[in-house]
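Asks: Okay, sequence plus prediction incoming.
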Amino acid sequence: MRYVVLHKEVGETPLMALRAWKETHPKYADTPLAYAGRLDPMAEGKLLILLGEECKHQDRYRGLDKEYEIEVLIDIGSDTGDALGIVTLSPEETQVEESMLRAALRKEEGVHMRAYPAYSSKTVNGKPLFLHALEGTLTHIEIPDHEEHIYSIAHLGTEVFSASALHKRIAAFLQKVPKTDEESKVLGADFRIDAVRESWDALNASSRTFSVLRLRVACGSGTYMRSLAGRIGESLGTKALALSIRRTKIGKRFLGLWTQLYS
C-alpha cells in the first residue's frame, strides 16, 4: 500500500488522526508517513497520507485539486476567518439576494493572487504567520501572495439560524477544540479558546437571525476556505466566516471531471 486516505474529524489535528490510524493498524507502527496536504484542526474530511517509500515521491502529490463543502455564516467575521477566532458582528442584518450572491461567487472563480491568511503556517522570516499574528508583529513584515484557482462554486442552499440556535451550535463546536502541547502553539494557549468563547458570548445579537450559505467549492491546491468565506462576505457588503469546512475530494480535475481520485 503506497498511501491511505483518512477521514479527519472536527477537533482532530492531522497528527492526532495519523496516530489514531496507526493504533488500529499496528503493522505500520514503524513505517515512515508523510502528509500530502493538511487540514485545519476544526475542518473535517479527506486527508491523504503517504506510506513508506512513497514518502520519497511527495512531489508527485503536491498540487492536487480539492473539493470542499463549506458553510458560510453571514454577518459575523473573525480574525482567523472561521469560528475558531475572535469574532465581530456586523451592525446590520444582511438579506442575501440571489443575484448578489451569484455575482459574489462568480467573482471568486478563476485564478487570483491572494495573500496568505494571517493565521496560517506559511513561514515569513523564519516564523509561521500565525505566530506573527499572536505576537502582534504582522505590521512589521510583508505577507506574501500565492496563486489560488477556484474552478467552480455551487450554492447548495441557505439556512437561517436564530441567535440562540447559532449560540448552541457554536458552543458544541468549541467543545471539540483540541488541546495541544506543541511548542509552537504555546503563545496561542490551546487556540485561544477562552478568548474565543468570550468574544462569541459578547456578541449583542439576541434579536437577530443569521443566514448560513452552503457551498460546494472545486479548487486547486492551496486555496483557503476561511479566506474565501471572508471575501464572499465583503462582496455582499458585510462580514462572514467559515462556519464549517469539509473536504470531500482529493485528486485531479480536468474539464469539470475528476480524472483521478485518492479516496
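Replies: Yep, that arrived.

Asks: ok, residue 113 to residue 145 distance?
Replies: When distance is defined by CB to CB, to the nearest Å, residue 113 is 5 Å away from residue 145. In short, each C-beta sits where N, CA and C put it, glycine included.

Asks: Now do the SS call for residue 105.
Replies: Of the three states, residue 105 takes helix according to DSSP: H, G, I helix; E, B strand; the rest coil.

Asks: That one contacts residue 156, doesn't it?
Replies: No. At 11.6 Å, residue 105 does not count as touching residue 156 under the criterion of CB atoms under 8 Å.

Asks: Return every residue with contacts to both of these two.
Replies: Common neighbours of residue 105 and residue 156 (criterion: CB atoms under 8 Å, 6 or more residues apart in numbering): residue 215.

Asks: Among the two, which residue is more densely surrounded?
Replies: Legend: neighbour count by other CB atoms under 10 Å for residue 105 and residue 156, higher for residue 105 (20 against 11).

Asks: give me every residue that touches the more buried one.
Replies: With contact taken as CB under 8 Å, 6+ apart, residue 105 is in contact with 153, 155, 215, 232.

Asks: can you pull the contacts of residue 12?
Replies: Taking CB under 8 Å, 6+ apart as the test, what residue 12 contacts is 20, 41, 178.

Asks: can you give me phi and psi for the first one?
Replies: Spelled out, it's residue 20. For residue 20, the backbone dihedrals (degrees, to the nearest 10) come out as phi -60, psi -40.

Asks: what's the spacing between the closest residue to it other than its chain neighbours and residue 41?
Replies: Once flanking residues are discounted, residue 20 sits nearest to residue 12: 7.5 Å by CB to CB, 6 or more residues apart in numbering. Note on residue 12: its distance to residue 41, by CB to CB, is 7 Å.

Asks: which stretches of the chain have low pLDDT?
Replies: Counting by pLDDT under 70, the chain contains low-confidence ranges at 180-189.

Asks: which neighbours do residue 12 and residue 41 share?
Replies: The contact lists of residue 12 and residue 41 share residue 178, where a contact means CB under 8 Å, 6+ apart.

Asks: Could you identify the helix or strand that succeeds the strand or helix carrying residue 193?
Replies: Under the criterion DSSP states H and E, the helix or strand holding residue 193 is helix 189-201. Next in sequence after helix 189-201, counting helices and strands by DSSP H and E, comes strand 209-219.
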